[in-house]
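A.B. asks: I'd like to go over a predicted model; first the sequence, then the structure.
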Amino acid sequence: MNKRTITNLLVITLCLVSTMLVSRSGSARIATDARLKQPEQQAFDQEATLAELRKQIAGKETMPAETVFKNIQFLKGVPAARLLAVMKIGYSRSLGVNCTHCHVVNEWEKDDKPTKQTARDMAQMVRTINNDLLKNIKNLKSESPVINCTTCHRGQTKPALDLTEAVPKAD
Ligand code: HEC
Ligand code: HEC
């Protein structure tokens, strides 16, 4: 190998290495951008959000939700403070999500996420089961048996169809 061949080889190697480095940092940059585009995955402080909303409705806690909020179609008659508790415990916790699953933060009245309407339809289903179906089943343990979101969801958006853990003993 003469000097010239060695120099050529060196140049080719350097080119290859630098191409690899550029493409690697390029894909890393794209991955970072994709993360930034998904606000759901950014830190969302649910407690601070709820504290702010409670401040906004101060003095109107016991007023019907539809007179305090802008777009209440199902939870009519529910006191405003109670609506916030339903959002936190009834909806978010029982599905294992936070507010952003159904809402764009601070645009609470908008229906831009399909999950929000699904939640209304689910609430109607729960009402029908409780008021029209469960009531007519005889010989149950409770005097007024009810179901709610947790009965099916148990911390998941998609309720399970089979048991992954040991079946609890029947009493
Ligand atoms: C599973 C879906 C779901 C989740 C999760 C959820 N919400 Fe809601 N939210 C709804 C639905 C549905 C309504 C409308 C209820 C109705 O029409 O009666 C609503 C209404 C509201 C409203 C009233 C807005 C207006 O002006 O009409 C506020 C405020 C609100 N949610 C805040 C929250 C907060 C804060 C969280 C998180 C702690 C949260 N929500 C989590 C489904 C959800
Ligand atoms: C009788 C069982 C049952 C009850 C009770 C129930 N759900 Fe559901 N829910 C389902 C099933 C089944 C699905 C569909 C899961 C799938 O995609 O296969 C679902 C899906 C959803 C979804 C869509 C989730 C997603 O991200 O795709 C939302 C939102 C939801 N339910 C909200 C609620 C709320 C709020 C309540 C209480 C008011 C409730 N559900 C009560 C069975 C139930």
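C.D. replies: Arrived safely. Ligands and ions are numbered 1, 2, ... in the order given.
A.B. asks: going forward, measure contacts between C-alpha atoms and count neighbours the same way
C.D. replies: Will do.
A.B. asks: how is the protein divided into domains?
C.D. replies: Following automatic domain parsing, one finds the domains of the chain at 3-37, 40-153.
A.B. asks: pLDDT averaged over the first one - what is it?
C.D. replies: Confidence over domain 3-37, taken as the mean pLDDT, stands at 48.
A.B. asks: with the last one instead?
C.D. replies: For domain 40-153, mean pLDDT is 96.
A.B. asks: return the distance of that domain from the chain's centre.
C.D. replies: 13 Å (C-alpha atoms, centre = their mean, to the nearest Å).
A.B. asks: does any part of it sit near ligand 1?
C.D. replies: Yes - figure legend: domain 40-153 in contact with ligand 1 (C-alpha under 6 Å from any ligand atom); contacting residues 46, 50, 69-75, 87-88, 91-92, 98-99, 101-102, 108-109, 115-117, 119-120.
A.B. asks: could you flag which of those are buried?
C.D. replies: Members of the residues of domain 40-153 next to ligand 1 that pass the buried threshold by neighbour count (16 or more other C-alpha atoms under 10 Å) are listed as 50, 72, 75, 88, 91-92, 98-99, 101-102, 108, 116.
A.B. asks: what is the nearest of those to Gln124?
C.D. replies: Within these, proximity to Gln124 (C-alpha to C-alpha) peaks at Leu75, which comes in at 10.2 Å.
A.B. asks: how near is the closest one to ligand 2?
C.D. replies: Relative to ligand 2, Leu75 is positioned 10 Å away (criterion: C-alpha to the nearest ligand atom, to the nearest Å).
A.B. asks: what strand or helix carries that residue?
C.D. replies: Leu75 is located outside every helix and strand, with elements delineated by DSSP states H and E.
A.B. asks: is it true that it touches Arg82?
C.D. replies: No - using C-alpha atoms under 8 Å, Leu75 makes no contact with Arg82, being 9.9 Å away.
A.B. asks: about what we covered before: most tightly packed of the domains of the chain?
C.D. replies: domain 40-153 (a mean of 14; mean count of other C-alpha atoms under 10 Å).
A.B. asks: which ones are touching Asp111?
C.D. replies: In this structure, Asp111 makes contact with 103, 117, judged by C-alpha atoms under 8 Å, 6 or more residues apart in numbering.
A.B. asks: mind checking the SS state of it?
C.D. replies: On the three-state scheme (DSSP: H, G, I helix; E, B strand; the rest coil), Asp111 is labelled coil.
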